[in-house]
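S.K.: sequence isn't available, so here's the structure alone:
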């Protein structure tokens, strides 16, 4: 039950940005079909994101992949509590890193990724291509 | 590149995709959020950010109604089970949030947090920032930068309402900072003698201190109201502050000077001010504030009185509320004149 929007390029290519339930309708800056619907012009698509559909993945598992990996360390002593102030550090902006190029295995799937910026596959087929990052 | 201006959910369906998509784009980036749109976490952690500022605000007509999003059926909100807004590594970009509800429903940390020197200044104006559900901890924490909070409601924290003791500077004006049960401290500003204003705030319902840390010589700290017996004296050195007030709701009978809200019933809190109409004791928040501070509007967007604004997030409209006691007196007079 999951739709992911994933970074399509840059240093964090494959980073999960957000996770939604199946059927989620994206905005015109997120989905090439939506910008085509809005402007009638695919050439305006910036190619920033890829949409990955994994229909049989629970939304809870999907949202965990979208959540940042944060660690806490001890900062200065809080004069009130006498305890160290917790200092948060974001280790990764999302736990999930998708290799969507490898998810799109065959000719038609690769074509769909290139043209429509989306991939659809089962959880079992997707998992080998998802890196779950931890602190 | 020029500034950008986008809508949720038409252009983006999450705050996070909007933030990510502005990576490397210079200028001021504004996101206009639709009515009844509730999103999750917004996290900026990208040293390659080239923006000057990010602005998050509702579309016209999509603003909250001055109470909790938990209570209201309308309004634009960010809601998450952990930190709602994390302004971590912004490469100098500022964040301005206007007229939004920011609600944390679980976790033990912060609703709005920035502990990174690579972050930058944060401004919250006419916002409702609250901890609900199983959440514990602090609502707003900022270090090493400037925090502005004007005309906002900060509610439900179990530790600190606003903790900016190590912020560079501050402007905390016209806020209502409260907790109904377990909050330990309300306002913990930078206590430098020259730090920016802490004025026209109500802080109440905290188990230990409504205000923490003294800077009596700083005349920027003034006209604050506290339930504590000592809190405001610590902070404003007597600059128009009132401490040891009673806290009431509609229908109560005060036994001393007080601040009264519409409701403090858990789950349906409404921190708009009411006048209980007592003949002897007064709602000290009404017309008790210092002038010409803050955004010039209250939590609802109503214009503040330019000379004697109300203290706290709400500016009670003149004549807008008829108190039960006054109504009774007026009716009695009317009946008497008929005889």
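M.R.: Nice, I can see it. All of these numbers come straight from a predicted model, not from anything done at the bench.
S.K.: how about the residues of chain B by chain A?
M.R.: Contact residues, chain B versus chain A (Cβ under 8 Å from any Cβ of the partner chain): B:6, B:8-14, B:16-18, B:20-21, B:23, B:40-41, B:43, B:45-46, B:82-83, B:86, B:88-89, B:109, B:113, B:115, B:166, B:184-185, B:208, B:212. Any C-beta I mention is one placed from the backbone N, CA and C, and that applies to glycine too.
S.K.: looking at it, residue A:3 is touching residue A:19, isn't it?
M.R.: Yes - with contact taken as Cβ atoms under 8 Å, residue A:3 and residue A:19 are classed as touching, separated by 7.2 Å.
S.K.: tell me which of those two has more neighbours.
M.R.: residue A:19 (28 against 24; other Cβ atoms under 10 Å in any protein chain shown).
S.K.: in three-state terms, label residue A:43 for me.
M.R.: helix (DSSP: H, G, I helix; E, B strand; the rest coil).
S.K.: so what touches the helix or strand where residue A:75 lies?
M.R.: The secondary structure element spanning residue A:75 is strand A:69-77 (assigned by DSSP states H and E). Residues from elsewhere that reach strand A:69-77 (Cβ atoms under 8 Å, 6 or more residues apart in numbering or on different chains): A:83-92, A:94-95, A:133-135, B:83, B:109, B:115, B:166.
S.K.: in its sheet, what does that strand sit against?
M.R.: strand A:84-92 (antiparallel) (DSSP bridges).
S.K.: for the record, mean pLDDT for the strand it pairs with?
M.R.: Across strand A:84-92, pLDDT averages out at 90.
S.K.: mind giving me the packing neighbours of the helix or strand following that strand?
M.R.: The helix or strand immediately downstream of strand A:84-92 is strand A:96-98, counting by DSSP H and E. Judged by 3 or more Cβ pairs under 8 Å, 6 or more residues apart in numbering or on different chains; DSSP states H and E, the packing partners of strand A:96-98 are strand A:2-7, strand A:16-20, helix A:59-66, strand A:130-132.
S.K.: now render the ones you listed as JSON lines, adding mean pLDDT and distance to chain B.
M.R.: Shown next, in JSON lines, are those (pLDDT from 0 to 100; distance: least, Cβ to the nearest Cβ, whole Å):
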{"stretch": "strand A:2-7", "mean pLDDT": "97", "distance to chain B": "6"}
{"stretch": "strand A:16-20", "mean pLDDT": "97", "distance to chain B": "4"}
{"stretch": "helix A:59-66", "mean pLDDT": "96", "distance to chain B": "8"}
{"stretch": "strand A:130-132", "mean pLDDT": "98", "distance to chain B": "18"}
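S.K.: pLDDT score for residue B:336?
M.R.: Value listed for residue B:336 in the pLDDT field: 36.
S.K.: and residue B:19, that one's in a strand?
M.R.: No - counting by three-state DSSP, residue B:19 is located in no strand; its state is helix.
S.K.: tell me which element the closest residue to residue B:200 other than its chain neighbours falls in.
M.R.: Among residues not flanking residue B:200 along the chain, residue B:289 sits closest, at 3.9 Å (Cβ to Cβ, 6 or more residues apart in numbering or on different chains). Using DSSP H and E, residue B:289 sits in no helix or strand.
S.K.: how many neighbouring residues does residue B:289 have?
M.R.: Residue B:289 has 28 nearby residues by other Cβ under 10 Å.
S.K.: buried ones among the residues of chain B next to chain A?
M.R.: B:6, B:8-9, B:11-14, B:16-18, B:20-21, B:23, B:40-41, B:43, B:45-46, B:82-83, B:86, B:88-89, B:109, B:113, B:115, B:166, B:184-185, B:212 (16 or more other Cβ atoms under 10 Å in any protein chain shown).
S.K.: and those, which of them are in helices?
M.R.: Of those, the ones assigned to helices by DSSP state H are B:16, B:17, B:18, B:20, B:21.
S.K.: wait, the third one touches residue B:12, no?
M.R.: Yes - counting by Cβ under 8 Å, residue B:18 touches residue B:12, with 4.2 Å between them.
S.K.: give me the common contacts of the two.
M.R.: In contact with both residue B:18 and residue B:12: A:29, B:6, B:31, using Cβ under 8 Å, 6+ apart.
S.K.: circling back: ok, the residue nearest to residue B:200 - contacts?
M.R.: Residue B:289 makes contact with B:174, B:199, B:200, B:223, B:308, B:309, B:310, B:311, according to Cβ under 8 Å, 6+ apart.
S.K.: name the SS class of the residue lying closest to the fifth one once chain neighbours are set aside, please.
M.R.: The shortest distance from residue B:308 to any residue other than its chain neighbours is 4.0 Å, reached at residue B:287 (Cβ to Cβ, 6+ apart). Classification of residue B:287 into helix, strand or coil gives coil, according to three-state DSSP.
S.K.: picking that back up, list only buried entries from the contacts of strand A:69-77.
M.R.: A:85, A:86, A:88, A:90, A:92, A:94, A:95, A:133, B:83, B:109, B:115, B:166.
S.K.: for residue B:304, give its distance to residue B:100.
M.R.: Separation of residue B:304 from residue B:100 (Cβ to Cβ, to the nearest Å) stands at 20 Å.
S.K.: same drill for these two, tell me which one is more crowded.
M.R.: residue B:100 (28 against 21).
S.K.: picking that back up, buried residues, the strand holding residue A:75. List them.
M.R.: For strand A:69-77, a neighbour-count test (16+ other Cβ under 10 Å) marks A:69, A:70 as buried.
S.K.: coming back round to it: please report the distance of the residue nearest to residue B:200 from chain A.
M.R.: 28 Å (Cβ to the nearest Cβ, to the nearest Å).
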